[in-house]
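Engineer: Sequence first, predicted coordinates after that:
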Amino acid sequence: MNLLAIDASTEACSVALQYQGKVYQRYEFSPQSHSLLLLPMVDEVLQEAGVKLAQLDGLLYGRGPGSFTGVRIGIGVAQGLAFAADLPTYGVSTLQAMAQQALLKYQQNTVVSAIDARMAEIYCGVFAVDEYGIMQPQKDEAVFAPAKLAEFLQDLDTANFAGVGSAWAAYDDALSPLTQISVNDDVKFPTAAAMLSIGEQALKAGLGVSAELAEPVYVRDTVTWKKLPGRE
């Protein structure tokens, strides 16, 4: 499939285009400039491939969890482009994208993805590769204090797990006791390129939605509302 992927859910900003079997991509670590970078990046990869947006089969976006502002920027850009070209969309988990990146680059097939969620918490997900080469969730994504990661993983055999994401460096003291997990320092943030294989499988399975139905997954938002009086 010919696909465009956009991610602005963390401090990194990236775009990837899969067209006729080739991948064109842009990536920049720039926490405060996502709104300025995304559209020029999209234009660059489309021009490099010599293709127009309307010629593609779908548009993928980083759905979160991550920065509330970044997630909204990424989805807003994705919706605008998808509306204009009448493309189906599919949201890829930030945490799943990092796990897929670890598989594609380092052949790590069981992964704990954890990113800094601020407020002394981390977003976390656990993934293992399936028969189609896609990293699939083994538990629901969650947000919690770093010291609770061992509890989150207690029902899993983590002997061969790799750890990816910004949380491992940000909360080194709290996470260092998990010595059975080998931390991959090269995968701190998701890339749009890692979203392509996940999104392609989903779109082929008919899971794409129209642009107006593209939605973020904040994780923390759900937890916070549950804690408010009268919102349980």
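Structural biologist: Perfect, I can see it now.

Engineer: tell me the centre residue of this protein?
Structural biologist: residue 94 (1.8 Å; C-alpha atoms, centre = their mean).

Engineer: For it, report the pLDDT, please.
Structural biologist: On pLDDT, residue 94 comes in at 97.

Engineer: Residue 124 belongs to a strand, doesn't it?
Structural biologist: Yes. Under DSSP: H, G, I helix; E, B strand; the rest coil, residue 124 falls within a strand.

Engineer: Whichever strand or helix holds residue 16 packs against which elements?
Structural biologist: Assessed by DSSP states H and E, residue 16 sits inside strand 12-19. Where contact means 3 or more C-beta pairs under 8 Å, 6 or more residues apart in numbering; DSSP states H and E, strand 12-19 is packed against strand 3-7, strand 22-29, helix 34-49, helix 192-204. To be clear about C-beta, it is placed using only N, CA and C from the backbone, and glycine gets the same treatment.

Engineer: export the ones you listed to a markdown table and tack on distance to residue 171, mean pLDDT and mean neighbour count?
Structural biologist: What follows is the helices and strands packed on strand 12-19, written out as a markdown table (distance: least, C-beta to C-beta, whole Å; pLDDT from 0 to 100; neighbours: other C-beta atoms under 10 Å):
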| stretch | distance to residue 171 | mean pLDDT | mean neighbour count |
| --- | --- | --- | --- |
| strand 3-7 | 23 | 98 | 29 |
| strand 22-29 | 20 | 97 | 15 |
| helix 34-49 | 24 | 96 | 17 |
| helix 192-204 | 23 | 98 | 23 |
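
Engineer: what's near enough to touch residue 165?
Structural biologist: 95, 98, 113-116, 187-189 (C-beta atoms under 8 Å, 6 or more residues apart in numbering).

Engineer: at 7 Å instead, please
Structural biologist: By C-beta atoms under 7 Å, 6 or more residues apart in numbering, residue 165 lies in contact with 98, 113-115, 188.

Engineer: What of residue 132?
Structural biologist: With the criterion set at C-beta under 7 Å, 6+ apart, residue 132 makes contact with residue 201.

Engineer: tell me which residues in the longest helix seen in the chain are buried?
Structural biologist: When every helix of the chain is counted residue by residue (DSSP state H), the longest turns out to be helix 68-85. For helix 68-85, a neighbour-count test (16 or more other C-beta atoms under 10 Å) marks 70-75, 77-79, 81-82, 85 as buried.

Engineer: Dump the residues you listed into TSV; add pLDDT and distance to residue 195 as well.
Structural biologist: Below are the buried residues of helix 68-85 laid out as TSV (pLDDT from 0 to 100; distance: C-beta to C-beta, whole Å):
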residue	pLDDT	distance to residue 195
70	93	15
71	95	14
72	94	18
73	95	16
74	95	11
75	96	13
77	96	14
78	96	11
79	96	16
81	97	15
82	97	15
85	97	18
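
Engineer: Tell me which two of those sit farthest apart.
Structural biologist: The span of the buried residues of helix 68-85, defined through C-beta to C-beta, is set by 70 and 85 at 22.9 Å.
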